[in-house]
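this one's sequence-less:
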């Protein structure tokens, strides 16, 4: 196990009707808030009115900015930054999923910065301060409600770029509070639910697949979380208003990305980096991109740590260990992982979502290069895209 510092300060308010407490939580920080959200779903299902009433009852003035879309855009974040500065708000409140939260975090950073928020992309600059951020979560997926990460898509140039805006374990962007009511996820369409499950699993797997030895505790935490998400994901898709299943998924989503499971180990986040190119260019749902990329990445890198991939197959996917061929154990595990993705209605091949193979080289060159199992080259990434065809 490696040395680590674990410092996580987000206050989580979990359970039924907890969205009614949002006004009280915001009031601890400010009398004026920027309310940031996506499309019409929060209005259609009544959450918008509940949040507004709670804020008004607490004496909080509200400035609004809607319009967040999946794979959140830099242009909207810039508008939010301009609005936050003009109105002198004291907190940015995201109501929605990871896209709304990431956009809100970017606004919070940019509101206290004289330059362009894109200056922080990929750690070119590290923010030293930000407005506080609060969250009312509606889509368990990204884990952004308790993490220090934020992703934006920059469409300014000829080639869209999806990049981390705040990384490097910087705590200034971690939300001050996150309200998690599983009931708010009852109305999620099956595809969105499935994409969220895929994103949660990816966050755990990217920490699980490590070359660091003697990490039994976090291995077991990762394995339990993955099994829990897969089990309850199938239940939630069959019974969308099963509170117990939705609650397990929602809490797992937060734990998956608050770095608890990454303590003392070096993860491998290349699948996310490879997928970012797909969703930036083709605007595919992030979770669907991950269900395509992750099995392909596994097929390419497993030989660099066969024992760990075999452990994943046996402990998480209940594959019987083939002691004469760990490789066969691994391959059966990958096949079972693909079968799970298919069972929840997600694609496992680029051809299923009509993504062509004519830009693999360009995407590989643009991909941020990370890696714990194997440090990938441009050609390696091309080969992974080919395995995903």
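Nice, thanks for sending it over. Computed from a prediction, not measured in an experiment: that's the story for all the values here. Numbers count the residues shown, from 1 in each chain.

okay, CA-based contacts and neighbour counts for the rest of this
Will do.

would you map the helices across this protein?
Counting by DSSP state H, residue ranges of the helices within the chain are 22-27, 41-44, 47-57, 74-87, 98-110, 190-208, 216-238, 243-256, 270-282, 286-301, 306-315, 326-343, 360-366, 378-387.

so what touches the longest one?
Which is helix 216-238. Residues outside helix 216-238 that contact it (C-alpha atoms under 8 Å, 6 or more residues apart in numbering) are 190, 193-194, 197, 200-201, 204-205, 207-208, 242, 245-246, 248-249, 252, 256, 261-263, 312, 315-317, 344.

just the buried ones from those?
Among the contacts of helix 216-238, those classed as buried by 16 or more other C-alpha atoms under 10 Å are 190, 193-194, 197, 200-201, 204-205, 207-208, 242, 245-246, 248-249, 252, 256, 261-263, 312, 315-317, 344.

list the contacts for residue 364?
Shown here is residue 364, whose contacts under the criterion C-alpha under 8 Å, 6+ apart are 274, 378-379, 381-382.

and the lowest-mean-pLDDT helix or strand in the chain, what does it pack onto?
Least confident helix or strand of the chain, by mean pLDDT, DSSP states H and E, is strand 161-166 with a mean of 85. With contacts defined as 3 or more C-alpha pairs under 8 Å, 6 or more residues apart in numbering; DSSP states H and E, strand 161-166 has these neighbours: strand 150-154, helix 270-282.

could I get these as CSV with mean pLDDT and mean neighbour count?
Listed next are the helices and strands packed on strand 161-166 as CSV, based on pLDDT from 0 to 100; neighbours: other C-alpha atoms under 10 Å:
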stretch, mean pLDDT, mean neighbour count
strand 150-154, 94, 24
helix 270-282, 95, 23
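
need those in CSV (columns: distance to residue 290).
As requested, those are exported to CSV (distance: least, C-alpha to C-alpha, whole Å):
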stretch, distance to residue 290
strand 150-154, 15
helix 270-282, 6
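
please name the nearest non-neighbouring residue to the spatially most central residue of the chain.
Note on the chain: the residue nearest the mean C-alpha position is residue 142, at 2.2 Å, using C-alpha atoms, centre = their mean. Closest residue to residue 142 apart from its sequence neighbours, by C-alpha to C-alpha, 6 or more residues apart in numbering: residue 98 at 5.0 Å.

quick one: that neighbour and residue 139 touch, right?
Yes. The pair residue 98 / residue 139 is scored as a contact, 7.3 Å apart, by C-alpha atoms under 8 Å.

for residue 191, which non-adjacent residue is closest in space?
Nearest one to residue 191, counting by C-alpha to C-alpha, 6+ apart, is residue 345 at 6.9 Å.

how is the protein divided into domains?
11-185, 190-387 (automatic domain parsing).

give me the pLDDT for the residue nearest to the centre of the chain.
The score at residue 142 is 95. That number is its pLDDT.

contact partners for it?
97-98, 196, 199-200, 253-254, 257.

got a quick ChimeraX command for the buried subset of those?
In ChimeraX syntax, the buried subset of the contacts of residue 142 is picked out as below (16+ other C-alpha under 10 Å):
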select :97,98,196,199,200,253,254,257
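
sorry, back to before: what's the closest of the domains of the chain to residue 5?
Nearest to residue 5, of all the domains of the chain, is domain 190-387, at 7.9 Å by C-alpha to C-alpha.

quote the end-to-end distance of the closest one.
27 Å (C-alpha to C-alpha, to the nearest Å).

how far does stretch 132-150 stretch from start to finish?
Span of stretch 132-150 from end to end, C-alpha to C-alpha: 14 Å.

also stretch 368-388?
19 Å.

in it, what counts as buried?
Quick answer for stretch 368-388 (16+ other C-alpha under 10 Å): 368-374, 376, 378, 380-385, 387-388.
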